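**Q** quick one, fold the following:
(one chain, ligands or ions: 1)
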Amino acid sequence: MKTARPGDLVLIKTASETLEGTFLTRSELLDKNILVLKLPTGYNIGIHRKNIKKITTLRPAHTPLAPAPKAQHNPNLPTIAILSTGGTISSKIDYRTGGVHADYTADDFCAMLPELSLIANITTKKVLNIMSEDATPADWLAIAENTIDALRKADGVVITHGTDTMHYTAAALSFLLKDLGKPVILTGAQRSIDRGSSDAFMNLLCAVTAAAQWNSREVAICMHASMNDDYCHLIRGTKARKMHTSRRDAFRAVNDTPLARVYPDGRIEELAPAQPRRDTTPELRPIDKHVSLIYAHPNLHPQEIELCLKQKTKAILIAATGLGNLPIHTKEKILPALLKAAKKVPIFICAQTPFGRVHPNVYSTMRELSILCGAHYLEDMHAETALAKLCVAVTHKDPLTFMRENIAGEYTDRSLDDHFL
Ligand code: DAS
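**A** Next comes the predicted model:
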């Protein structure tokens, strides 16, 4: 029986129906007798060879266009470095499994979005090629090192990144990049760039605009501000958090407000004062992954705390309930385990409700924790930022002083009403 080439527009006649669609590469994990067709609706359908009477090619697969020539350097435009690390924004459908895997690089983004060259001269580098759920403190360090390298020549940096842990990386870069003088903007996508509904294009356009024109020396996340393609928000790297698994506007400012709106037409509307650009060369602070994060919960066992010490942790961060509480009055005897741990490593408390701030002296529980265990309360710094900061703090001879310092806007003086979702 005649077959077709991937990308051909075909008509497949079976005993019961005739289907038109695009012939797809067969998924390696599927039975080799199953042919896959992408219907005009966008859905894929598998058809067994034995049911096919005839295949007619209506239009052969188009040969891919040659990539657009690299834009000429424009001395009147700033230079922006795009560093790609993977994630959905870099993803393509992987027909072996039907899932998505990271493949596109910063060079591909420039080829797909030539209008970027109207905003800035673009340099590109593929730093990593991972889904961000796999990003570790070692990857944060690699991204920070490449960012410092890029900033020697560029006027700003855009880092394309998976969305799952983008806020961890944004917070980590805020602490790793000492004396930053230019904007470092992280962006990503909730829908892969090879889909018509992708949010990637507007996110990328706004992120490059911000890196080129925003008068700031901060690390920020640039993602959709709403479900529509109207504008993106710039959210401070230490106050950003992914708050929804799939919405385009999944990222919100936690205990803060967005710093600016960036429109796809190039406009930037400042919403809050940012630290202005300055002529400094950033230095790299060291990092150490030996930090533990525990969530307080009704079934907390002392072994969870003891395990941290076995893992050679240098500090324990506890995402506590409410204003900073732990179940230390249950029969599970958490307090003795905490007291034992507190003799070896510092204990820090943040809130597991991302919004609001912890207080060490409201309930007797917290007094026991802050007085008996010497636990340090981290005000309105949310858990993900606190974890990233602790990984840097433990490389200092006095981690507590570093944790107390307001390095990159991770602490705000007061929790205002408009700071909540
Ligand atoms: N797996 C997710 C990640 O890499 C995909 C994404 O949303 O970018 O974070």
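**Q** which ones are touching whichever residue of the stretch 151-300 of the chain sits closest to the ligand?
**A** Among all residues of the stretch 151-300 of the chain, G162 sits closest to the ligand, at 2.1 Å; criterion: CB to the nearest ligand atom. Every residue, glycine included, has its C-beta placed from N, CA and C. Residues near G162 by CB atoms under 8 Å, 6 or more residues apart in numbering: T85, G86, G87, T88, I89, A102, I130, M131, S132, E133, A135, G188.
**Q** reformat the residues you listed as a markdown table; add pLDDT, secondary structure and neighbour count.
**A** Listed next are these as a markdown table, based on pLDDT from 0 to 100; DSSP: H, G, I helix; E, B strand; the rest coil; neighbours: other CB atoms under 10 Å:
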| residue | pLDDT | secondary structure | neighbour count |
| --- | --- | --- | --- |
| T85 | 96 | strand | 29 |
| G86 | 94 | strand | 26 |
| G87 | 93 | coil | 29 |
| T88 | 90 | helix | 24 |
| I89 | 91 | helix | 27 |
| A102 | 60 | strand | 25 |
| I130 | 94 | strand | 17 |
| M131 | 94 | coil | 20 |
| S132 | 97 | helix | 23 |
| E133 | 97 | helix | 10 |
| A135 | 98 | coil | 24 |
| G188 | 97 | coil | 29 |
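**Q** got JSON lines for those residues, with distance to the ligand too?
**A** Shown next, in JSON lines, are the contacts of G162 (distance: CB to the nearest ligand atom, whole Å):
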{"residue": "T85", "distance to the ligand": "9"}
{"residue": "G86", "distance to the ligand": "6"}
{"residue": "G87", "distance to the ligand": "3"}
{"residue": "T88", "distance to the ligand": "3"}
{"residue": "I89", "distance to the ligand": "6"}
{"residue": "A102", "distance to the ligand": "7"}
{"residue": "I130", "distance to the ligand": "7"}
{"residue": "M131", "distance to the ligand": "4"}
{"residue": "S132", "distance to the ligand": "3"}
{"residue": "E133", "distance to the ligand": "5"}
{"residue": "A135", "distance to the ligand": "8"}
{"residue": "G188", "distance to the ligand": "5"}
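**Q** return the set of buried residues in stretch 297-310.
**A** Residues of stretch 297-310 classed as buried by neighbour count (16 or more other CB atoms under 10 Å): L300, P302, E304, I305, C308, L309.
**Q** of these, which belong to helices?
**A** Per DSSP state H, helices hold the following members of the buried residues of stretch 297-310: P302, E304, I305, C308, L309.
**Q** can you tell me which of those is closest to E283?
**A** When these are ranked by distance to E283 (CB to CB), C308 comes first, at 30.3 Å.
**Q** look up how far R404 lies from the closest one.
**A** Going from C308 to R404 by CB to CB, to the nearest Å gives 22 Å.
**Q** spell out the residue ranges of the helices in this protein.
**A** Under DSSP H, the chain gives helices at 106-112, 116-119, 137-150, 166-176, 200-213, 302-310, 334-342, 364-367, 383-393, 399-404.
**Q** can you name the residues bridging to K242?
**A** Beta-bridge partners for K242, by DSSP bridges, are F251.
**Q** what's the burial count for K344?
**A** K344 has 12 neighbours, counted by other CB atoms under 10 Å.
**Q** near the ligand, which residues of the protein show up?
**A** G87, T88, M131, S132, E133, G162, T163, D164, G188, Q190 (CB under 6 Å from any ligand atom).
**Q** for this structure, what are the low-confidence residue spans?
**A** Across the chain, residues meeting the criterion (pLDDT under 70) sit at 1-2, 27-29, 63-69, 93-102, 196, 421.
**Q** ok, the residue nearest the centre of it to E17 distance?
**A** When CA atoms, centre = their mean is applied to the chain, the residue found nearest the centroid is M166 (1.6 Å). Using CB to CB, we find M166 at a distance of 44 Å from E17.
**Q** now M131. Nearest residue, chain neighbours left out?
**A** Closest residue to M131 apart from its sequence neighbours, by CB to CB, 6 or more residues apart in numbering: G162 at 5.2 Å.
**Q** my guess is K178 contacts T281. True?
**A** No. Contact criterion CB atoms under 8 Å: K178 and T281 do not qualify, at 10.0 Å.
**Q** can you get me a residue count around K54?
**A** 11.
**Q** ok, L177 next?
**A** So L177, with other CB under 10 Å, has 26 neighbours.
**Q** is it true that it touches N146?
**A** No. The pair L177 / N146 is not scored as a contact, 11.3 Å apart, by CB under 8 Å.
**Q** neighbour count winner among K178 and T281?
**A** Shown here are K178 and T281; by other CB under 10 Å, K178 has more neighbours (13 against 10).
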